[in-house]
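# This is the structure alone, sequence omitted:
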């Protein structure tokens, strides 16, 4: 396999773990994420558009995690088929 393939798997694996860590750290008990350092340092807030932050609640964070897992699965395909998810 090409080095890019292994690098892509490693990067996406880190993203999956970062999504899991965000869900563990952030207090979603109020409406949406509670703000503060945990939210500001999250993957979602660092890489997604700020104009939609009011929509980034726990359900959204979970959807980002599911997408990351699906992309990781597609990248791990030993046959190298095209990813089913283009997120």
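Everything's here; your move. Because the structure is a prediction, the values reported are computed rather than measured.

# Helix or strand with the lowest mean pLDDT in the protein?
Least confident helix or strand, the chain: helix 3-25 with a mean of 75, by mean pLDDT, DSSP states H and E.

# Could you identify the helix or strand that succeeds that helix?
Going down the chain from helix 3-25, the next helix or strand is helix 37-40, by DSSP states H and E.

# Just the buried positions in that next one, please.
38, 39 (16 or more other Cβ atoms under 10 Å). (C-beta placed from N, C-alpha, C; glycine too.)

# Likewise for stretch 56-71?
56, 60, 61, 64, 65, 68, 69, 70, 71.

# just those residues now: which is nearest residue 26?
Here the nearest of the buried residues of stretch 56-71 to residue 26, counting by Cβ to Cβ, is residue 61; it sits at 7.2 Å.

# Mind telling me what element that closest one is part of?
Since the elements are taken from DSSP H and E, residue 61 ends up inside helix 58-75.

# Check which helices and strands that helix is in contact with.
Using 3 or more Cβ pairs under 8 Å, 6 or more residues apart in numbering; DSSP states H and E as the contact criterion, the elements in contact with helix 58-75 are helix 3-25, helix 43-47.

# Now find how far off-centre it is within its chain.
Relative to its chain's centre, helix 58-75 lies at 6 Å (Cα atoms, centre = their mean, to the nearest Å).

# Repeat that for stretch 50-66.
In terms of Cα atoms, centre = their mean, the centre of stretch 50-66 is set 10 Å apart from its chain centre.

# Start and end of it, how far apart?
21 Å (Cα to Cα, to the nearest Å).

# Can you name the residues in contact with that stretch?
Residues outside stretch 50-66 that contact it (Cβ atoms under 8 Å, 6 or more residues apart in numbering): 16, 19-20, 22-23, 26, 28, 31-33, 42-45, 48.

# Which two among these are spaced furthest apart?
Every pair of the contacts of stretch 50-66 checked by Cβ to Cβ; the farthest is 16 and 31, at 26.6 Å.
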